[in-house]
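In: 3D, please:
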Amino acid sequence: RRGGLQAMLITGVGGIALLAGALLVGWVAGGFDWVTVLSSGDMLRASPLYPAAFLLLTIGAMTKSAQTPFHFWLPSAMEAPTPVSAYLHSATMVKAGIYLLARLSPVLGGTEAWLWSVTGVGAATMLVGAVLAIGQYDLKRVLAYSTVSALGMLTMLLGLGSAEAVAAAMTFLLAHALYKGALFLVASSVDHGAGTRHIEWLNGLARKMPITTVAALAAAASMASVPPLFGFIAKELLLEATIASPWNEVITGLSVFASMLFVAIAIVLGVKPFFGAATEHARKAHEVGVSLWLGPIVLGALCVAFGPLPRFIDGPLLARASQAVLAADAPTPLKLALWHGWNDALALSILALAGGGIAYTVRRWIRIPPALAERGPAWWYELALAALNFTARWQTS
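Out: Down below sits the predicted model:
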């Protein structure tokens, strides 16, 4: 109940901001339908109401997509059953904020305010989520914080706003939905089959849960951007976009560091529970039924298939999504491929894979200082809620 109240208040307050921002946009544009709004970008950016509309709409988007400092509600919402978490947190609710930023980028984007704030908040969220994820011991909490980090990556790319960044965002959005949905469902299967989600109590499940293991390996490899899986293509596009961006050294460096942590997280989720000496929980585990393993197997198979065969989703899906975000007259095929020759993005991908292995070995020492954790955004939320209730009691008396 506490997690539900927290999620409702944060996303609800963001929704009120979103409504107010939408009213301002409609006032300036002269209507609320997408055709009218998307054709009014120059008018809106020149309007004195632009700063207020931009602030309100981005607050709405960032609360719903769990951007820093609003990120703490998402792990609390993991009390939901795991299949519900897979649905809400890999593909739908938290992606709604990303969708909003993407659709409004032709209207609100192209300004210094958009570039600095959206890119900056996205990069900070990417880093915070990855660091917090590596220190968790519950499979679902690892998934939750790594989702926060992935949402930060998407926001950062939309903030950059170039055609390369938008193409990378749309590709990574699909790659993340596939591997994260599979991993959430794998966590559900592990919880059901082994009776726990505690990472330190899980080793050696592969013998008792072979089908779940295959799904976990495919999804985790895509998350770690191992070639030739689809996640590798998405990560290469991301790195190419950051290399070509303003402040490329900083943005690219942060992206590579987050990618290293993603590799370590992928090992924690898709390798550690299934291999090594079997624990007591693993010895008592059993494979789940087809209704539980079918979902992650299908999603994992798509992670594998879309890597060597990206042409099936390039033109008909991702190019059209990029066209919509850029408000272009015609779709531009992304020319997705596993091999673009030896370049900086490939070198950085190899560096991320190697660094991720090192990060996995030292993950036990990656911890947030207790003082910082105790005074984080969740503490300020509780303080604000207490102040709100105190004010309400005083006012009504």
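In: quick check: buried residues in stretch 377-396?
Out: Counting neighbours by 16 or more other Cβ atoms under 10 Å, one finds that the buried residues in stretch 377-396 are 378, 381. C-beta coordinates here come from the backbone N, C-alpha and C atoms, glycine included.
In: any idea which helix or strand in this structure has the lowest mean pLDDT?
Out: helix 370-374 (a mean of 64; mean pLDDT, DSSP states H and E).
In: toward the C-terminus, what is the element adjacent to that helix?
Out: helix 377-396 (DSSP states H and E).
In: got the contact list for that next one?
Out: Outside helix 377-396, the residues within contact range by Cβ atoms under 8 Å, 6 or more residues apart in numbering are 6, 9-10, 68-72.
In: out of those residues, who's nearest residue 177?
Out: residue 71 (18.8 Å; Cβ to Cβ).
In: can you get me a residue count around the residue lying closest to that closest one once chain neighbours are set aside?
Out: The spatial neighbour of residue 71 that comes closest, neighbours along the chain excluded (Cβ to Cβ, 6 or more residues apart in numbering), is residue 148 at 4.7 Å. Other residues near residue 148 come to 27 when the count uses other Cβ atoms under 10 Å.
In: what about residue 148, distance to residue 58?
Out: Using Cβ to Cβ, to the nearest Å, residue 148 is found at 17 Å from residue 58.
In: can you check residue 297 too?
Out: Using Cβ to Cβ, one gets 38 Å for the distance from residue 297 to residue 58.
In: equivalent analysis for residue 308, please.
Out: Going from residue 308 to residue 58 by Cβ to Cβ gives 38 Å.
In: between these two, which has more neighbouring residues?
Out: Neighbours per residue (other Cβ under 10 Å) separate residue 308 from residue 58, with residue 58 holding more: 27 against 14.
In: in which helix or strand does that one reside?
Out: Once you assign secondary structure using DSSP H and E, residue 58 falls within helix 50-64.
In: ok, now residue 191?
Out: Per DSSP H and E, residue 191 falls inside helix 163-194.
In: which residues touch the helix or strand just after that helix?
Out: Following the chain from helix 163-194 toward its C-terminal end, the next helix or strand by DSSP H and E is helix 210-223. The list of residues contacting helix 210-223 from outside it, by Cβ under 8 Å, 6+ apart, reads 146, 175, 178-180, 182-183, 185-186, 189-190, 193, 205-206, 229-232, 262, 265-267, 269-271, 273-274, 287-288, 293, 296-297, 299-301, 303-304, 307.
In: what comes up buried for helix 210-223?
Out: Residues of helix 210-223 classed as buried: 211-223 (neighbour count, 16+ other Cβ under 10 Å).
In: what about it, average pLDDT?
Out: Per-region confidence: helix 210-223 scores 96 on mean pLDDT.
In: again, but for stretch 323-338
Out: Mean predicted confidence for stretch 323-338 is 83.
In: what about the closest residue to residue 118 other than its chain neighbours, neighbour count?
Out: For residue 118, the nearest residue in space outside its immediate sequence neighbours is residue 159; the separation is 3.2 Å by Cβ to Cβ, 6+ apart. Per other Cβ under 10 Å, the neighbour tally for residue 159 reads 25.
In: and residue 159, that's in a helix?
Out: Yes: under the criterion used here (DSSP: H, G, I helix; E, B strand; the rest coil), residue 159 sits inside a helix.
In: thinking it is in contact with residue 125, fair?
Out: No: at 11.0 Å, residue 159 and residue 125 do not qualify as touching, with contact defined as Cβ atoms under 8 Å.
In: so which strand or helix has residue 4?
Out: Counting by DSSP H and E, the secondary-structure element that holds residue 4 is helix 2-29.
In: go through that helix and flag the buried ones.
Out: 6-7, 9-11, 14, 17-18, 20-22, 24-26, 28-29.
In: do stretch 52-63 as well
Out: If you call a residue buried by 16+ other Cβ under 10 Å, then stretch 52-63 has these buried ones: 53-63.
In: ramachandran angles for residue 138?
Out: When read as degrees, to the nearest 10, the backbone of residue 138 gives phi -90, psi 130.
In: no, scratch that, I was asking about residue 71
Out: In terms of degrees, to the nearest 10, the main-chain angles of residue 71 are phi -70, psi -20.
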